[in-house]
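Provided below for reference: sequence and predicted model.
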Amino acid sequence: MTKIRIAIQKAGRLNEESLQVLKDCGISIDNGKDQLKASSRNFPMEVFYLRNGDIPQYLRDGVVDIAIIGENVLVEKGTDIIIAEKLGFSKCKVSLAVPKSVKYNSVNDFEGKRIATSYPNTVLNYLKEKGVKADLHIISGSVEIAPNIGLADAICDIVSSGSTLFKNNLKEVEVMLTSEAVLAVSPKITVERKELLEKLQFRIQSVLRARGSKYVLLNAPNDKLDGILKLLPGMRSPTVLPLADEGWSSVHTVINKDKFWEVIDELKKAGAEGILVCPIEKMVL
Ligand SMILES: Nc1ncnc2c1ncn2[C@@H]1O[C@H](COP(=O)(O)OP(=O)(O)OP(=O)(O)O)[C@@H](O)[C@H]1O
Ligand SMILES: O=P(O)(O)OC[C@H]1O[C@H](OP(=O)(O)OP(=O)(O)O)[C@H](O)[C@@H]1O
Ligand SMILES: [Mg+2]
């Protein structure tokens with residue numbers, strides 16, 4: 001039987017949430033301790049646990065068909081690789097930063113400067129576009145310490161909350177790109193495996209859609225129903241059912257997670273009562 005081969009980060013920031021996405025897609029993986037390869041019991045899939053930074057090469061060579069990887073790593077090492085889905089976790093930026101004490105004017109300030117980074121291609125392409133030449137000092141981790149120990153004038157690294165920059169007396173001055181975890185596809189994927197990819201993508205989309213939405217139930221006095229319904233979106237339109245108590249209705253709908261608190265406040269003002277909010281497990285359109 002043909003199986004789709006997926007690369008997942010072995011250990012690190014992407015590992016847990018990548019496995020959670022597969023789990024939410026109903027895919028069970030038989031994981032032995034320290035296993036580098038595992039199979040699914042209920043989906044034709046083999047999982048390879050690899051270093052994030054090595055994954056673009058494996059995709060390019062067709063050793064794996066798909067992967068969950070940081071978009072920033074593809075920008076750095078895998079420009080020929082296709083992104084099938086953005087997965088909405090591990091959101092971060094790749095930025096240039098300088099010591100807080102430095103007066104920063106523009107990207108031209110990097111001319112002739114030494115920049116420490118683990119993302120040389122990203123920095124070089126960014127600076128080339130701006131017509132700036134700098135010297136790179138390539139290191140594989142703890143990049144933010146470089147200016148403090150005299151190794152570099154500036155750094156380029158991942159920024160999320162900004163606390164690592166802050167702790168090292170640095171300030172972000174240029175955001176080169178924004179990134180999140182993505183489902184990436186090998187340019188060598190076969191037609192048969194592409195069919196499996198489509199099945200997986202269908203499941204992932206249902207899972208992501210559900211993660212972004214809440215199911216809301218509320219009670220409304222009938223004389224206020226019109227005003228309440230105007231506030232509500234829904235997959236098609238809200239469901240309205242009569243309550244046993246005459247003059248009242250129960251309203252069911254789906255609300256975008258990000259708009260949720262705003263809408264709830266308005267619903268209360270419009271006369272809604274007994275509002276229940278429930279998570280949605282899957283959402284198929
Ligand atoms: N602080 C952060 N906040 C959010 N996402 C991050 C953060 N740091 C890294 N990421 C994202 O998670 C990915 C994996 O980061 P992690 O530090 O676990 O591994 P790595 O050192 O880049 O890779 P490798 O698996 O090769 O050791 C990064 O490529 C990036 O996309
Ligand atoms: O803006 P922040 O929220 O502080 O996050 C940014 C930091 O997170 C990552 O390091 P990580 O913790 O993954 O360590 P690593 O260098 O060992 O990969 C990244 O390399 C930055 O140093
Ligand atoms: Mg890291």
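Sure, I can see it. Ligands and ions are numbered 1, 2, ... in the order given.

Which residues of the stretch 101-250 of the chain lie near ligand 1?
Within the stretch 101-250 of the chain, the positions adjacent to ligand 1 are 158, 160, 179 by C-beta under 6 Å from any ligand atom. For the C-beta atoms, the positions are set from N, CA and C on the backbone; glycine is no exception.

Any of the residues you listed buried? List them.
158, 179 (16 or more other C-beta atoms under 10 Å).

out of the residues of the stretch 101-250 of the chain next to ligand 1, who's near ligand 2?
Within those, those near ligand 2 by C-beta under 6 Å from any ligand atom are 158, 160.

okay if I get the residues of the stretch 101-250 of the chain next to ligand 1 as a markdown table plus secondary structure and pLDDT?
As requested, these are exported to a markdown table (DSSP: H, G, I helix; E, B strand; the rest coil; pLDDT from 0 to 100):
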| residue | secondary structure | pLDDT |
| --- | --- | --- |
| I158 | strand | 98 |
| S160 | coil | 98 |
| S179 | strand | 98 |
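
ok, the residues of the stretch 101-250 of the chain next to ligand 1 vs ligand 1, which is closest?
S160 (3.2 Å; C-beta to the nearest ligand atom).

Now the closest one: closest residue in space, sequence neighbours ignored.
Leaving aside its sequence neighbours, S160 sits nearest to C92 (C-beta to C-beta, 6 or more residues apart in numbering; 4.5 Å).

can you check D157 too?
Closest to D157 by C-beta to C-beta, 6+ apart is V143, at 4.3 Å.

Is L50 in contact with R5, as I believe?
No. L50 is beyond contact range of R5, at 10.9 Å (criterion: C-beta atoms under 8 Å).

rewinding a little: over to the residue nearest to D157: give its phi and psi.
The phi and psi torsions at V143 (degrees, to the nearest 10) take the values phi -60, psi -40.

OK, contacts around it?
116-118, 155-157 (C-beta atoms under 8 Å, 6 or more residues apart in numbering).

Generate TSV for those, with neighbour count as supplementary columns.
Converted to TSV, these look like this (neighbours: other C-beta atoms under 10 Å):
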residue	neighbour count
A116	23
T117	24
S118	20
I155	28
C156	27
D157	25
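
Identify, from those, the entry nearest to Q201.
Closest approach between the contacts of V143 and Q201, by C-beta to C-beta: S118, at 30.3 Å.

Give me the pLDDT value at that closest one.
Looking at S118, its pLDDT is 97.

G234 now?
65.

Okay, S106 and V132: tell me how far apart.
Per C-beta to C-beta, to the nearest Å, S106 is found 9 Å from V132.

And the helices in the chain, which stretches?
Using DSSP state H, the helices of the chain run over residues 15-24, 55-61, 71-77, 120-129, 163-167, 191-211, 225-230, 260-269.

residues shared between the contacts of L50 and R5?
Joint contacts of L50 and R5 (C-beta under 8 Å, 6+ apart) are V64.

any idea how far N72 is from E180?
With C-beta to C-beta as the criterion, E180 and N72 are 9 Å apart.

Look at those two and report which has more neighbours.
N72 (22 against 14; other C-beta atoms under 10 Å).

I'd say that one and S179 touch.
Yes. With contact defined as C-beta under 8 Å, N72 counts as touching S179 (3.8 Å).

Between those two, which contacts overlap?
With C-beta under 8 Å, 6+ apart, N72 and S179 have common neighbours 92, 94, 158.

which residues sit in contact with the closest residue to E266 other than its chain neighbours?
In space, and not counting its chain neighbours, E266 is closest to L231: 5.1 Å by C-beta to C-beta, 6+ apart. L231 makes contact with 263, 266-267, 270 under the criterion C-beta under 8 Å, 6+ apart.
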